[in-house]
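Chemist: Fold the following, please.
(3 chains)
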Amino acid sequence: MNNTNSLIKFYNLLSAFYGPQNWWPAETPFEVIIGAILTQNTSWTNVEKAIKNLRKENLLSPEKLRDISYLQLSEIIRPSGYYRIKAQRIKAFVNFFYENYKGNLELLKEQKIEKIRFQLLSIKGIGKETADSILLYALEKPIFVVDIYTKRLLSRHQILNFKASYEEFQALFHDQITPDVQIYNEYHALIVKVGKDFCKATPICKGCPLENIS
DNA sequence: GACCAGGCACATC
DNA sequence: GATGTGCATGGT
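Modeler: As a prediction, this is how the structure comes out:
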């Protein structure tokens, strides 16, 4: 199969099989950012417990997270795992957010995508996937999010070696799919969905909508 | 009890 | 640049 067409074919098959994913599962863009940090190497069900705790304590705002102590925050997000380090990371983001943008998402959103990405990556605890998740799902910028499922899926379909760089995976999507926030949103969500169903660390290819491709 | 989950930073070679 | 390790809870 021609790789130029395969990513589009994958998308069409996944979209037909699963339908709309309605991502990101959050009530506000700010909540997306917090969720993006909490879900690092962590199952979403655990993140949900932490988000639920935050909501119960009415902490899902920049001001509240700025003012709460690190120790209290870490206990509240404990169910998400890595809770001490994640509390630091949330604090680091919120500090950056106030120092540079007064805690105002609209101000952040006005900036150029390259500038935002560079600034996010300079925050300790925010790497490429988290930065791109924030850009796409919270700030609605057309950038593709590469995650473990993306690497498994494309490597298993012989499109790219699993050990290829984040940028190489991302470039495939950017080159082969016209940048579009809604399409990138849906595609990444579909990859996570099919990944959870079929493309785990030990894959189950039987029944996968992409089972018979290439 | 082992394995896995929507990463990242840091040490070492 | 590549590889190894710590970080941690909760579901299967």
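Chemist: Let's see the longest helix that chain A contains as CSV, backbone CA atoms only.
Modeler: The single longest helix within chain A, with elements called by DSSP state H, is helix A:83-101. What follows is helix A:83-101, C-alpha atoms only, in CSV (Å, rounded to 0.1, in the frame of the first residue of the first chain):
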residue,chain,number,x,y,z
TYR,A,83,1.0,12.2,42.4
ARG,A,84,3.9,14.0,43.9
ILE,A,85,5.6,14.7,40.6
LYS,A,86,2.3,15.6,38.9
ALA,A,87,1.5,18.1,41.6
GLN,A,88,4.8,19.7,40.9
ARG,A,89,4.1,19.7,37.2
ILE,A,90,0.7,21.3,37.7
LYS,A,91,2.2,23.9,39.9
ALA,A,92,4.9,24.6,37.3
PHE,A,93,2.4,25.1,34.6
VAL,A,94,0.2,27.4,36.7
ASN,A,95,3.2,29.5,37.7
PHE,A,96,4.2,29.8,34.1
PHE,A,97,0.6,30.7,33.2
TYR,A,98,0.5,33.5,35.7
GLU,A,99,3.9,34.9,35.1
ASN,A,100,3.5,35.1,31.3
TYR,A,101,-0.2,35.3,30.7
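Chemist: can you pull the buried residues of the helix or strand following that helix?
Modeler: Tracing the chain C-terminally past helix A:83-101 and defining elements by DSSP states H and E, one meets helix A:105-110 next. Applying a neighbour-count criterion of 16 or more other CB atoms under 10 Å, one finds A:105, A:108 buried in helix A:105-110. Using the backbone N, CA and C atoms, a C-beta is placed for each residue, glycine as well.
Chemist: Following the chain onward from helix A:105-110, which element is next?
Modeler: Of the helices and strands lying after helix A:105-110 in sequence (DSSP H and E), the nearest is helix A:113-121.
Chemist: Okay then, goodbye and thanks.
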